[in-house]
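Student: dropping the sequence and predicted coords here.
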Amino acid sequence: MFGGVASTLRTFSLLEGLPVIDLESGEDFGKVLDLICDDGKVSSIVIDKKGWLNRHFLIPLEDIDAIGHEGLMVSDLAKLHHYSSTEKKKLHLKHGKHQFRGKLLLSAEGEKFGLVEDVYFNEELGTITGYEVTDGLLSDFFEGRKVIRASGKLVVGKEKAILSR
């Protein structure tokens, strides 16, 4: 994957809204909408398909040929599949019932890190390396957001997420 280029860390916010481009035709298939996480890794990207019907598709991270500043390049659109009810139950960053953006991130010791805003991940392996958290707009403005290293398992509940070390 990615033509032997050294892997890079990405945040989801840099990918959100980028077009998914078919390498065979040069046409846009849709736009990046969300990501799905499994066991500390980004497993799939959720795509909002262009057109009248609001349909979502998924592509496993390993089936993306390249991630660039102008789009996600995919050589085989057959690897995209419909967004099933099973996949809707998986952990999402931004959308759906099982999202973790906006949840309070705590350590296993009860330390408050802040509210989850974004994730840093290795684009080649999908491994989540960090969580960007906020303490609010004023804190973001004066202090900036913090990045918490993802060194353990993430457990996501209804209101909180706990990061074990």
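Tutor: Received the coordinates, thanks. Numbers count the residues shown, from 1 in each chain.
Student: going forward, measure contacts and count neighbours with C-alpha atoms only.
Tutor: Fine.
Student: what about the longest helix in this protein?
Tutor: Using DSSP state H, we find that the single longest helix of the chain is helix 137-143.
Student: next secondary structure after the host helix or strand of residue 148?
Tutor: According to DSSP states H and E, residue 148 maps onto strand 146-149. Sequence order places strand 154-156 as the next helix or strand after strand 146-149, per DSSP H and E.
Student: partners of that next one in the sheet?
Tutor: Here strand 154-156 is paired, per DSSP bridges, with strand 160-163 (antiparallel).
Student: check the offset of the partner strand from the chain's centre.
Tutor: With C-alpha atoms, centre = their mean, to the nearest Å as the basis, strand 160-163 stands 17 Å off its chain's centre.
Student: average pLDDT across it?
Tutor: What strand 160-163 shows for mean pLDDT is 92.
Student: what's in contact with it?
Tutor: For strand 160-163, the surrounding residues in contact (C-alpha atoms under 8 Å, 6 or more residues apart in numbering) are 100, 103-108, 150-156.
Student: what is the subsequent helix or strand relative to the strand or helix carrying residue 33?
Tutor: If you go by DSSP H and E, residue 33 is part of strand 28-38. Once the chain leaves strand 28-38, the next helix or strand it forms, by DSSP H and E, is strand 41-49.
Student: run through the neighbouring helices and strands of that next one.
Tutor: Packed against strand 41-49 by the contact rule (3 or more C-alpha pairs under 8 Å, 6 or more residues apart in numbering; DSSP states H and E) you find strand 28-38, strand 56-60.
Student: same list (the ones you listed) but as JSON lines, adding distance to residue 66 and mean neighbour count.
Tutor: Formatted as JSON lines, these follow (distance: least, C-alpha to C-alpha, whole Å; neighbours: other C-alpha atoms under 10 Å):
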{"stretch": "strand 28-38", "distance to residue 66": "14", "mean neighbour count": "21"}
{"stretch": "strand 56-60", "distance to residue 66": "13", "mean neighbour count": "20"}
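Student: much appreciated, bye for now.
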